[in-house]
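In: coords below, sequence missing:
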Ligand SMILES: *Cc1c(COP(=O)(O)O)cnc(C)c1O
């Protein structure tokens, strides 16, 4: 008999009833150190009082309002995002997938309004952009698209890191190039700064719009507010979600005035997108994360964690192959199956998340403390040691 919850997820057997900062707690009081943060979502930890207070205050005043009316919290968050980034304008969604949908629509509408037949979107192998028809077509991965055809047409995938294939794929039919500056689900693979620069140049040469998917790598995760800032290049359109709501469902599409020019009155909408609750929390997240001192701390702690992880890998060469990633978006490439490493972590009350390419991901809350980093390493060390005994 089919479970009452549609079984599309393989779920770990823990049942958490409470969160506190970087900790997740079961009914019987068993405490897990959460280095997954809901897959890069809980950027300020669980049950952060700054965020829960913002939510409660807004809930007591007004918790839903249609986009047919003025929403001050939404206006404020849009102003914060445009002030802090390349973007001139923002549309709020409830998820990364919805942000992908709009990014694709926006890019196509831009060219359509110019009267040009340019609808092709070039994306990359190993990419993840969500689970809607557009998002799975963009990824192209067999496990995501199989059985769901006919797929939304107009997407091609270039092998990640293949410059020649990219040059060949981007033509005068290309409306946009879509890329994660750091692949998340693909196994924590940063795009080198030089490649992002080259991609920007290629888009400028051909006129194609450049879309960055910063759903996972954005909002302070890499030690800059957005990951592309490291490369010193800006996209035309950017997808944001996950961290921006700190755990409350919120996403956004940020765009330049030019790229957004086709999205005129009535061309897009959302019932819940940009609702007062989500934006109240988003403002609280931005007020904390979009701050030089906060980001400097992220970088310092990222350096500390990275150094300790290098030690962990060196101590367990039969479990781990290496460390990669940027900021607090870190992948441990495993020699043993990554799902076994995740399980060994659970057994030692530390949570990490699997990714493709036999990687486990560490995406801790950005406000994790030095002591918690030390504790995380101890637990991972015990978990790795237990695997050696078993092997
Ligand atoms: C999670 C993710 C998405 C999809 O976001 P949802 O909120 O799950 O719809 C899109 N792109 C990237 C890079 C992601 O990590």
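Out: Thanks, I have it. For clarity, every value in this text was computed on a predicted model and none was experimentally measured. Residues are numbered from 1 along each chain as shown.
In: element containing residue 18?
Out: Using DSSP states H and E, residue 18 maps to strand 16-20.
In: so what strands line up beside that strand?
Out: Strand 16-20 pairs in its sheet with strand 23-26 (antiparallel), by DSSP bridges.
In: next SSE downstream of the partner strand?
Out: Moving toward the C-terminus from strand 23-26, the next helix or strand (DSSP H and E) is strand 31-34.
In: note down every partner strand of that next one and its orientation.
Out: Going by DSSP bridges, the partners of strand 31-34 are strand 23-26 (antiparallel), strand 350-351 (parallel).
In: beta partners for the closest residue to residue 85 other than its chain neighbours?
Out: Computed as C-beta to C-beta, 6 or more residues apart in numbering, the closest residue to residue 85 that is not its neighbour in sequence is residue 254, at 5.9 Å. C-beta: built from backbone N, CA, C; applies to glycine. Under DSSP bridges, the beta-bridge partners of residue 254 are residue 90, residue 238.
In: which ones are touching residue 254?
Out: Taking C-beta atoms under 8 Å, 6 or more residues apart in numbering, we find residue 254 in contact with 81, 82, 85, 86, 87, 89, 90, 237, 238, 240.
In: look up how far the ligand lies from it.
Out: 14 Å (C-beta to the nearest ligand atom, to the nearest Å).
In: pLDDT score assigned to that residue?
Out: Confidence at residue 254, expressed as pLDDT, is 99.
In: the one 10 residues further on now?
Out: Each residue has a pLDDT score; the one for residue 264 is 98.
In: next: the one 5 residues further on.
Out: In the prediction, the pLDDT value recorded for residue 269 is 98.
In: what's near enough to touch it?
Out: residue 67.
In: for it, give me phi and psi.
Out: phi -170, psi 170 (degrees, to the nearest 10).
In: how near is it to residue 102?
Out: 10 Å (C-beta to C-beta, to the nearest Å).
In: how about the strands in the stretch 201-350 of the chain?
Out: Using DSSP state E, counting those that start in this stretch, the strands of the stretch 201-350 of the chain run over residues 209-213, 237-240, 251-255, 320-326, 329-334, 350-351.
In: any chance of those in JSON lines, plus distance to residue 131?
Out: Listed next are the strands of the stretch 201-350 of the chain as JSON lines, based on distance: least, C-beta to C-beta, whole Å:
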{"stretch": "strand 209-213", "distance to residue 131": "14"}
{"stretch": "strand 237-240", "distance to residue 131": "14"}
{"stretch": "strand 251-255", "distance to residue 131": "13"}
{"stretch": "strand 320-326", "distance to residue 131": "24"}
{"stretch": "strand 329-334", "distance to residue 131": "21"}
{"stretch": "strand 350-351", "distance to residue 131": "23"}
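In: any idea how far residue 35 is from residue 248?
Out: From residue 248 to residue 35 the distance is 21 Å (C-beta to C-beta).
In: the two - which one has more neighbours?
Out: Legend: neighbour count by other C-beta atoms under 10 Å for residue 248 and residue 35, higher for residue 35 (26 against 21).
In: which residues does the more buried one contact?
Out: Contacts of residue 35 (C-beta under 8 Å, 6+ apart): 22, 350, 351, 352, 353, 362, 363, 364, 376.
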